[in-house]
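Novice: Below: sequence and its predicted model.
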Amino acid sequence: MRMDRRLRFGVSTLGGAWGLDEVADIAAAVGRRPDMVLWFEDFAAGPPVREIGRVAATGAMPVITWEPWLWRTDRQRDAGALVPQIVAGEHDAHLIAWADALAGTQSPVMIRLAHEFNGDWYPWSPAGGTAPEVYADAWRHVHDLFRARGADRVQWMWAPDAANSTDHALEAWYPGDAYVDVIGIDGYNWGITQPWSRWMPPTEIFAPTLAAVRQIADKPVLMAEVGCAEAGGDKAHWIGEFIEWLTAEDVAGFVWFDHDKETDWRIRSTPRSAAAMAAALSEVET
């Protein structure tokens, strides 16, 4: 898959594909319309065809983080079993419904399947009982089924976390070049918002994982989730430093996690942070 040389700018908001007014407000604040809108779906959700169409109508690429667990339901106790169940074909009917629906859409869509597998907070990780080889088998099963159903517009993003929490090398999780279109990396500057955290420059957060994934595959790389806290440093400066580093490293783009969650990650957490993003994006836009 080829991406243009323009640094692509994306956002994930609380409303996601259901709250495009939030995306429009961000665009107005930074002076640039997002190229990507990312949101989250679990395995209880039906195919979001209408939402894909809404995002595509804004000119943005729909990016779906598809999580193989059931956080929308009361069946979360089954979450850890979903990955081996996928390998065994037990979710094929659900996968086929998604594949057939997405095959009928008129726009490309990107799926970020089972992200941050090398952390310790999701059931598709070793901490949740999922071994790398089972994860890779599940990924290939989903991908092959989509291709067999004609869902050729779907692009696949494999996305480790920048802070590896496992003893497994990243390549153990990689399903293969034929199964991945884009590599994503998730990482945050938590500042001093947590007892265990400190202020970190972008290079310290992302550079080791960027080097590792580029050893694994020659694929476009996106920073698929990124955010910066206010506490502990200068967020506005960090934003400019981050985008300057992306450009120097020939990274294809980034998706800013524009949520007020563990802390206020939003671009507009302060007027100064929003102005910094606007200024940085104006320097890289062509």
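Specialist: Happy to help now that I have it. Residues are numbered from 1 along each chain as shown.

Novice: can we go C-alpha only for contacts and neighbour counts from here?
Specialist: Will do.

Novice: and the longest helix seen in the chain, C-alpha only, in CSV?
Specialist: Longest helix of the chain, by residue count under DSSP state H: helix 132-148. Extracted in CSV, the C-alpha atoms of helix 132-148 (Å, rounded to 0.1, in the frame of the first residue of the first chain):
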residue,chain,number,x,y,z
PRO,A,132,1.6,-14.6,19.9
GLU,A,133,1.1,-17.5,17.5
VAL,A,134,-2.6,-17.7,18.3
TYR,A,135,-3.0,-14.0,17.8
ALA,A,136,-1.3,-14.2,14.4
ASP,A,137,-3.4,-17.2,13.4
ALA,A,138,-6.6,-15.3,14.3
TRP,A,139,-5.5,-12.3,12.3
ARG,A,140,-4.8,-14.4,9.2
HIS,A,141,-8.1,-16.2,9.6
VAL,A,142,-10.0,-12.9,9.7
HIS,A,143,-8.1,-11.4,6.8
ASP,A,144,-8.5,-14.5,4.6
LEU,A,145,-12.2,-14.6,5.2
PHE,A,146,-12.6,-10.9,4.2
ARG,A,147,-10.6,-11.4,1.1
ALA,A,148,-12.6,-14.5,0.2
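
Novice: what comes into contact with that helix?
Specialist: Outside helix 132-148, the residues that touch it by C-alpha atoms under 8 Å, 6 or more residues apart in numbering are 83-84, 86-87, 95-96, 99-100, 113, 124-126, 152, 168, 172-175, 179.

Novice: same deal with stretch 38-48?
Specialist: 10-13, 16-17, 62-73, 97-98, 101-102, 255.

Novice: Show me what counts as buried in it.
Specialist: Residues Leu38, Trp39, Phe40, Glu41, Asp42, Phe43, Pro47 are the ones in stretch 38-48 that count as buried (16 or more other C-alpha atoms under 10 Å).

Novice: hmm, back to that, what's the ChimeraX line that selects buried ones from the contacts of stretch 38-48?
Specialist: A single ChimeraX command selects the buried members of the contacts of stretch 38-48 (16+ other C-alpha under 10 Å):
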select :10,11,12,13,16,17,62,63,64,65,66,67,68,69,70,71,98,101,102,255
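
Novice: Which members of the contacts of stretch 38-48 are positioned in strands?
Specialist: Using DSSP state E, Gly10, Val11, Ser12, Thr13, Pro62, Val63, Ile64, Thr65, Trp66, Glu67, Val255 are the members of the contacts of stretch 38-48 that sit in strands.

Novice: Pick out the most distant pair among those.
Specialist: The span of those, defined through C-alpha to C-alpha, is set by Gly10 and Glu67 at 19.4 Å.
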